[in-house]
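Peer 1: The sequence and its predicted three-dimensional model are supplied below.
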Amino acid sequence: MTDRFSSPPPPRDGVGASTVQLPEGRWDRVLDFLAEQFPGIGAEAWRSRLARGLVLDARGLPLAPDSPYRAGGHLHYYRELEQETPVPFEAQLLHRDEHLLVADKPHFLPVVPAGRHLQETLLLRLRRRLDLPELAPLHRLDRGTAGLVLFSVDERTRGRYQSLFAQRAVVKVYEALAPHLPQREFPLRYRSRLEPGDPFFLMREVGGEPNSETGIEIAERRGALDLYRLHPVTGRKHQLRVHLAALGAPILNDDFYPELRPADEADFSRPLQLLARSLEFRDPLDGRFRRFESRRQLLESSD
């Protein structure tokens with residue numbers, strides 16, 4: 001294993017291969033290295049993956065459970081999860097052409113694999129369903145947020161569309177159900193400085209120069225709740241959730257803000273009432289105006 005710059009092999013069942021470097025060490029077998037490097041997975045799980053051809057050398061050839069360890073290169077492996085909670089909701093496909101795909105994501109379905117989510121993610125479902133192993137998201141939504149996600153189909157044009165998000169040339173509109181704020185005048189612009197919080201997956205507001213901005217207006221009154229229309233100028237993690245909570249109107253069924261509450265991943269009865277409603281932009285390839293709108297709806301009442 002001397003190829004220090006090997007490329008990962010193609011996805012398998014929608015799952016892309018991960019790559020790990022092989023440092024100098026005392027391990028006799030690849031199995032010994034993997035078991036020590038990733039103790040949370042365990043030696044028996046690695047032995048099973050090796051036996052099934054899910055661990056490859058730098059050339060993309062399968063390694064065996066007794067393959068000797070050779071420092072100075074890479075190996076590739078495919079992730080697996082023994083137990084993954086099925087998400088009983090499906091995404092709708094709103095648009096597909098040779099460059100772009102637009103999906104309407106349900107609540108509770110993560111966009112990309114992470115942590116305890118692998119096969120039950122929007123990306124892997126679409127790769128398998130449409131036989132598009134190189135499909136890649138151009139932006140992200142939280143697991144709890146429903147609505148529009150834009151994907152790149154063609155790797156050759158991916159960078160052109162990614163630049164739209166980097167340049168803030170994509171106009172995004174969200175909707176959220178949250179308590180009425182009679183003491184506030186709308187529309188308003190809310191700005192604050194957001195930084196990682198504690199635990200690590202939360203965000204918090206701190207003093208200093210603002211790095212996040214959201215335009216907020218009321219689209220509709222719904223009893224004790226309002227349907228808010230949100231226009232994010234920046235795209236910080238959890239920005240909309242933090243901003244509404246800071247104003248005193250936490251989004252309905254938000255288990256993170258203003259306080260972290262224990263949640264059961266198998267409980268699908270309380271979806272976060274946040275929806276990525278629309279996306280619009282000028283297509284960088286041909287200059288056409290593009291606009292996509294979610295077909296999903298938030299709750300109709302405040303019950």
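Peer 2: Here it is on my side, so go on. From a predicted model like this one, the values you see are computed outputs, not experimental measurements. Residues are numbered from 1 along each chain as shown.

Peer 1: in the stretch 101-250 of the chain, which spans are strands?
Peer 2: Counting by DSSP state E, counting those that start in this stretch, the stretch 101-250 of the chain has strands at residues 136-137, 146-152, 171-179, 188-196, 203-206, 212-222, 225-232.

Peer 1: Name the strands paired with the first one and say parallel or antiparallel.
Peer 2: Each strand pairing with strand 136-137, determined using DSSP bridges, is listed with its direction: strand 146-152 (antiparallel).

Peer 1: what's in contact with the strand it pairs with?
Peer 2: Residues from elsewhere that reach strand 146-152, judged by C-beta atoms under 8 Å, 6 or more residues apart in numbering: 94, 99-107, 111, 122-123, 126, 135-141, 158, 161-162, 170, 174, 271, 274-279, 292-294, 296. In short, each C-beta sits where N, CA and C put it, glycine included.

Peer 1: now, of the strands of the stretch 101-250 of the chain, which is deepest in the fold?
Peer 2: Mean neighbour count, computed with mean count of other C-beta atoms under 10 Å, is highest for strand 146-152 among these, reaching a mean of 24.

Peer 1: so how far is that strand off the chain centroid?
Peer 2: Distance of strand 146-152 from the chain centroid (C-alpha atoms, centre = their mean, to the nearest Å) equals 10 Å.

Peer 1: Would you mind putting the CA coordinates of that strand into PDB?
Peer 2: Written as PDB, here are the backbone C-alpha positions of strand 146-152 (Å, rounded to 0.1, in the frame of the first residue of the first chain):
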ATOM      1  CA  ALA A 146     -39.000  19.800   5.600                       C
ATOM      2  CA  GLY A 147     -38.900  21.300   2.100                       C
ATOM      3  CA  LEU A 148     -36.700  21.900  -0.900                       C
ATOM      4  CA  VAL A 149     -33.200  20.400  -1.400                       C
ATOM      5  CA  LEU A 150     -31.200  21.100  -4.500                       C
ATOM      6  CA  PHE A 151     -28.900  18.400  -5.800                       C
ATOM      7  CA  SER A 152     -26.200  18.300  -8.500                       C
END
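
Peer 1: what angle do it and strand 171-179 make?
Peer 2: Angle of strand 146-152 versus strand 171-179, following axes from the mean of the first three to the mean of the last three C-alpha atoms, to 10 degrees, is 160 degrees.

Peer 1: so can I have TSV of the strands of the stretch 101-250 of the chain showing distance to Pro68 and mean pLDDT?
Peer 2: TSV is the format used below for these (distance: least, C-beta to C-beta, whole Å; pLDDT from 0 to 100):
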stretch	distance to Pro68	mean pLDDT
strand 136-137	35	96
strand 146-152	40	98
strand 171-179	52	98
strand 188-196	41	98
strand 203-206	46	97
strand 212-222	51	97
strand 225-232	52	98
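
Peer 1: For Val87, which of those is the nearest?
Peer 2: Val87 lies closest to strand 146-152 among these, at 11.9 Å (C-beta to C-beta).

Peer 1: Give me the residues contacting stretch 250-262.
Peer 2: With contacts defined as C-beta under 8 Å, 6+ apart, stretch 250-262 is touched by 144, 176-179, 199, 202, 225, 238, 240-242, 244-246, 263, 270-274, 299.

Peer 1: which intervals of the protein have sub-threshold pLDDT?
Peer 2: 1-6, 82, 300-303 (pLDDT under 70).

Peer 1: if we can go back for a sec, can I have the buried ones of the contacts of stretch 250-262 as a ChimeraX selection?
Peer 2: In ChimeraX syntax, the buried subset of the contacts of stretch 250-262 is picked out as below (16 or more other C-beta atoms under 10 Å):
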select :144,176,177,178,179,225,238,240,241,242,244,245,271,272,273,274
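
Peer 1: so what's Arg125 up against?
Peer 2: By C-beta under 8 Å, 6+ apart, the contact set of Arg125 is 14, 90-91, 109, 119.

Peer 1: any chance of those in JSON lines, with distance to Gly72 and neighbour count too?
Peer 2: Putting these into JSON lines (distance: C-beta to C-beta, whole Å; neighbours: other C-beta atoms under 10 Å) gives the following:
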{"residue": "Gly14", "distance to Gly72": "31", "neighbour count": "20"}
{"residue": "Glu90", "distance to Gly72": "46", "neighbour count": "14"}
{"residue": "Ala91", "distance to Gly72": "43", "neighbour count": "17"}
{"residue": "Leu109", "distance to Gly72": "40", "neighbour count": "24"}
{"residue": "Gln119", "distance to Gly72": "33", "neighbour count": "17"}
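
Peer 1: And those, which two are furthest apart?
Peer 2: Gly14 and Glu90, at 15.4 Å, using C-beta to C-beta across these.
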